[in-house]
Structures are given as C-alpha cells and as structure tokens.
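> just a sequence and a predicted model for now, questions to come.
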Amino acid sequence: MGQFCCLWNKRETTDVKLLRTLPETSISWSTKDNINTNLSLHNNSNSLCSSSIVIIMPYGSSDDDDMRSATSKKSQFTQQSTPSSSGGRSNSSSEPTAPREVFSTPTVGKREEANVMRARGLVALILLLAVSGVATAANLLVKQQERSDFENQFEAYATQVLTVARSKANQFTDALDSFASSIGGHAAVEHARLNTSWPFYTAPEWSVQAEKLLKITDDEHLAVAMTHIVQEDKRDQWNSYAAQQIPLWYQESIDHEQFTEFTPQELVDNMTIPFLHFYDPENGFLPTPLSGPGDALAYFQIHPFELFLGSPIMLTNLDALQASEQVAELYRIMKATRRPSIGFTRIPIDLESTIPGSFIMQPVFHGADTEADDREMGAILIIRIPWMGYFKNALAKDQDGIVVVLESACPKLVEAGISTGREDLTESDRNIITYQVDGPDAVLLGDSDLHDPKYEALAVSEVFIDLDIDPSQLPEGACVPVLTLHVYPSAELEASFQTNNAILYTVVVVAIFVFTSLVFLLYDLSVGKRQRTVMDRIAKQDRIVTDVFPTAIRDRLYENQAKNMMNANGAEDDDGPFGLDESFYGRSSEIGSAPLADLFPSVTVVFADLVGFTAWSSAREPHQVFILLETIYGAFDKLAYRHGVFKVETVGDCYVSAAGLPEPTDDHAAVACRFARDCLKKMKDVIRKLE
C-alpha cells in the first residue's frame, strides 16, 4: 500500500510567498515531517480574508529510514462505499484524468424511456395490424359464408329445376311415343277393316287425345298436328279423302273447344283449301297446288284451333315440307334414322309477335310395333313447344333468379339451304333460348345466351333431350339433335344472400379494438404518469449520487444495488432515503460481505480551509453564512470539474478533494497544485464580490 506524508499550512499573521507564485516545475515536496509552507493571505481579526490549503501526497521511492518507518505504519487511502458480493477491484490504470461527470441526467432512464416509446409504437402498430387483419378476416369470412350459402342454394335450385324439367321431358316423350303407337295401332286395325292404307286415316277423338298429351307441360302456346305422308301418286285420292273427312273431325273439335259461333260447313267454305298446296312468294303468297315430284307432308288434324282475326286458322292440306326448310331437313333425317327429331322455330303469340321455340317430329308407323325394322312410316306428329312450361312450378315462391339456357347441338339452318353440320359455330349460329325461373313462373329472356358471364364457373349443365340417334345413320351434312340445359344463377339471386352482416361484424370488431385501445391508452397514460414520477425521483437520486460519487463508482453502486434486489427474490425491502436500501450507504445485513473498495497507491489529497471562518460566522446571520459557503464551494466545484479533481466532501468550512482518483493519473500532484492555485484565485475573487 502507498505511504503518505502531510504538507500543511500553519496559520501565520505574516504574509508568505504563495504557492501560485511558484512555477509548476519548481514545486518540490519533502519527505520529512514538519515541513511548513505558508499559503495564507493577509488576515485581520474582523474579516475573513485567508484560506489554508493542505496537500497530502505519497512519498516517492527512497531508501530513507524514515520512509521505511512510514511504510511500517501502513498508511493508506481507500475510497469505501456499499458492500458488494463481488468484493473490491483494483484499478491501476495510468490513463490521463478525464473531467468527472456531475449533475448528469440518468442515461439509463433515457434509454429505458426510448425503449418504452418504441414498445408503445410497436404495440400501436400491432393493434392497428391486428384490427385491420381481424376486421378484414371477419369481413372476408362473412362474405365467404354468404358466397358459400349462395352457391349451395343455387346448386340446390339448379338441381331442382333440372329434375323437374327432365321429368317433364321424359314424361312427355313417353306420352308422345305412346300416343304415336296408339294411332299406328288403331290405323292398322282400320286399314285392315276398310282394306285401305296410309295416308287414308282419321284419328278418332283427336282433340281429347291431343289435349291429354299437351297438358303434361301446361303451356298455352303448345300445339300438335298430325301430318300425313302423301306420295306423289296418291295426291288426287288424298284431296278427295280430305274433303270428306275434314267436316267430321272439324265438328268434333268445335264441340270440344266450344266454338259455337262456327259450323263445320262455314269452316270448310271459308278456311279450308281442299287440295295439297303451298304458299308461293312469287305468286303473292297465294295457295298454289302442289305439282312437284316427291312426297308431301300434309297437315290434317290439328289441336287446338288458332284464331286469326277472330276466326280459327286451318292448315289443312298445307305441305309442311314446302312451308319450312327445317321440317324438310328433319323429315330427311327421320326417313334415314326412323327416329324422332327436334327443330327450332318461331311461335306466333299474336298478329305481330313471335317467341322462339321448338318442334318435335314423332313418326307414326303402321301397327303398334314401333321397334320393327321393316315398319312403315305413314304419318308424323309435329308438336310445337315453347319450352317455358317445362320450367314452371319447378321452384317454390320467393325462390327467384335462376337462368336456364337451352342449347341445341345442331346449328341454325341457313335461309336458302340446309345446314352443313359445321363445328366452328359461333353463338349466333346456334339454336339457343334463355329463360328465367322465378318461383313457380318462367319467363322468356331471348333467343340467345343471356346469362351473366361472371357466373360461368357456377354453371350446372345436363342433357335435356337425347333422341338416341346413331350418328352413322344420319345423312351427309345432317346433325344429331341433342338439347342441353345450362343453369346459371343471376345477380338477383346472389343479392338475396348478400346482407349487411359483413359490415356489421367489421364495425363490431373495429369497435372492440378501439375500446381495447382506449383502455390500453388510459392504462398507458396512468403508467406513464407514474413512470415519469419515478423517473423524476430517480433523476434526483442520480444527481445526488453523482455529486457524491464518481461516475464509475456510481455505476458500480447501481449494478450492485440491482444484483441485491434480484437476489432478494421478493423479500420485504428496508429502503433508505431516495428508495436505496441500506447496503447502498455502506450498511449490509449480510455478515462477511465485502465492501466496494479500490486501492489507489498514488493520489494527492487537498484540504482547503477558510481561515477565520469561525470568528467571522459568529458575527453573521445564518443566511449570510450559507451564501458564502454556497458561493465558495460552488466555485470550487466548477474548478474541480475542470481540473478532473474528485470532490470528497465538505466539513464545515473545509473543502476536501483528491487528485488521481477515481481515475488514476501520473501527474496527480501537479493537478492538485493547479487546482489549489486556482482555488486561491477564485477565493479572492469571491471575497471581493461578496464584500
């Protein structure tokens, strides 16, 4: 440990040469006792005009016996504070002395405050992201659920519509086949009885049987006609037969349909043309007798009567092959396949309007056996169908917004010829009809595909009518007539499943998060207020501790204090002043704990005493004494800070400081001298100002 000697000042009444007049390089120190240096100023008994500075410094290396004697006394200087579980540590660094940090704001507090602000920002960002994410998720989930409900309900509606339409189609085709078989069987019996053959046959109770067939689909625009195949060599016989039979079945139909204002004779005279004919556009569309070669397809029995200007329209003896190219094309297919066929047409609903529809051509064979290979086709049933009746009563009331697209596999026939069966067809080339089903009702939308394209992926498609025709049997250029139904939802149906729940749930979620954020904000403000109070308290404590201890010692004290608090594990604290426990002040409840002490082998201690202070202060008011001490010590503090001298304490009128600690330095003696010199200067200035 280091050895020290004292260099002090005796209070003399005579002036001596001041230390500040000596060059710093000429300062020398004796290792002998009782070496006196007078540093006092002129003194009188009534005024405070001098200060005494005593400097304690270590001996240098010497073989002097007195030094050995002093060494045996084991004099040492230690700086002691609170006990530490880690013990003291020696600091022998020789780096230059840095100015001591005093009156500092706690950097830890600032750092923690910055961390808290960052944490607040992070929490706010997380809350914002959370509320955005949850609100978006809630909105999407509700919309997805609505979309799922919409799609599921549409699928159920589509299945129901298709089931009803297919059931009616199957029922109708079966009934039509049975009706054709019954006509063929009855014709075979009559031909055998009368020794006749086709086309000379009139179906009994025609209106009754036809009405039963048409009621299956329940559509007011349905109509059925039996057309007879008249060979070229039987045209004259047919004209005679038709003239005889027409009044008979006219009367039957008039009675059934209750046309009481007409008689059969009036109908025959006014509406019937008694020969096979067609309407020639080059002859002003006047009835023109059929004269060309080949078969004729003569309209004969029709149900129901259609009114034209208040009178029934009769198509008797009109050649269907000349009247319609589609009928002629389908007749060509039927002769090759001997199977039913389907075409598209326009159905008149009044004098100016027509609607798109189809007609089915069902062959009537000789005899009841319709599957025989050698069966003779004597007539053809032509049924006009608007198709709307197939979709009526498919859904319950308020189940609206189903779009049905009926599409034929065959293209439209060109105006001047027969279809060639092309595959590169556009929508305008195809036979397409669109309907909308609203509950039990069905309405026509148009003769094109009018469904909303955005629902294309939801389409439910199914073959509606397949006549099971072998394509190999078709004539060249002919098309297999297969009808397909495509069912789509509409915007109206989707709108019925769209609610305000998505917005409502989003608002609720946002409101919950806003409420939570407000609670958090209030709590944070409360905690922040408490933290600011604590931080102010800590800042005051830190300033006090910084004034008392060097920065390095202060930090070690804080570290030990934190360790002691962590080791306490929640034990009851016995806090001292400023919230610091007793160990901070050098007191410890633990036996054997080591104090926080560092050895400084080479330091210089400065004692600055005010000469005559006792006599002066006894004649002054207390506040004058405090003003003097505060002014002088404040000036000394600034000088100590500038020179890097550590202020140890003030004891009354004695100011104690040390150079060379807590940061060791080689020139501590010179630093102490410079500090002492400046203190004497400052003392004179302060006394002069105060006087």
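In hand now; what should we look at?

> burial of R674, as a residue count?
Number of residues near R674 (other C-beta atoms under 10 Å) recorded here: 18. Any C-beta I mention is one placed from the backbone N, CA and C, and that applies to glycine too.

> tell me the gap between the strand or helix carrying it and the middle of its chain.
Under the criterion of DSSP states H and E, R674 resides in helix 668-690. Centre-to-centre, helix 668-690 and its host chain are 74 Å apart (C-alpha atoms, centre = their mean, to the nearest Å).

> for it, which positions count as buried?
668-669, 671-680, 682-683, 686-687 (16 or more other C-beta atoms under 10 Å).

> also stretch 246-259?
The neighbour-count check on stretch 246-259 (16+ other C-beta under 10 Å) flags 246, 249-250, 252-254, 256, 259 as buried.

> filter the residues you listed down to just the ones in helices.
246, 249-250, 252-254, 256 (DSSP state H).

> closest to T288 out of those?
Using C-beta to C-beta, I246 comes nearest to T288 of these, at 19.7 Å.

> related to what we said a few turns ago, how about the ones in helices among the buried residues of stretch 246-259 in JSON lines, adding pLDDT?
Below are those laid out as JSON lines (pLDDT from 0 to 100):
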{"residue": "I246", "pLDDT": "80"}
{"residue": "W249", "pLDDT": "77"}
{"residue": "Y250", "pLDDT": "77"}
{"residue": "E252", "pLDDT": "78"}
{"residue": "S253", "pLDDT": "76"}
{"residue": "I254", "pLDDT": "74"}
{"residue": "H256", "pLDDT": "75"}
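
> which of the residues you listed sits closest to N501?
Closest to N501, out of all of those and judged by C-beta to C-beta, is H256, at 57.7 Å.

> quick one: distance of stretch 343-350 to the chain centre.
Worked out by C-alpha atoms, centre = their mean, stretch 343-350 lies 52 Å from the chain centre.

> next SSE downstream of the host helix or strand of D524?
Taking DSSP H and E as the definition, D524 sits inside helix 501-548. Going down the chain from helix 501-548, the next helix or strand is helix 551-568, by DSSP H and E.

> now that following helix: buried residues?
Here helix 551-568 shows 551, 553-554, 556-558, 560-561, 564 as buried, counting by 16+ other C-beta under 10 Å.

> rewinding a little: which helices and strands does the helix holding D524 pack with?
helix 107-194, helix 551-568 (3 or more C-beta pairs under 8 Å, 6 or more residues apart in numbering; DSSP states H and E).

> and the one helix or strand I333 maps to, average pLDDT?
If you go by DSSP H and E, I333 is part of helix 325-337. The pLDDT scores in helix 325-337 average 88.

> any idea of the angle the next helix or strand after that helix forms with helix 325-337?
Counting by DSSP H and E, the next helix or strand C-terminal to helix 325-337 is strand 341-348. Our comparison of strand 341-348 with helix 325-337, counting by axes from the mean of the first three to the mean of the last three C-alpha atoms, to 10 degrees, yields an angle of 160 degrees.

> so which residues of the stretch 201-350 of the chain form helices?
206-214, 235-257, 264-271, 320-323, 325-337 (DSSP state H, counting those that start in this stretch).

> among the buried residues of helix 551-568, which one sits closest to S657?
I553 (15.1 Å).

> any idea how far the nearest residue to that closest one once chain neighbours are set aside lies from C673?
In space, and not counting its chain neighbours, I553 is closest to P662: 5.8 Å by C-beta to C-beta, 6 or more residues apart in numbering. In this view, P662 and C673 are 20 Å apart by C-beta to C-beta, to the nearest Å.
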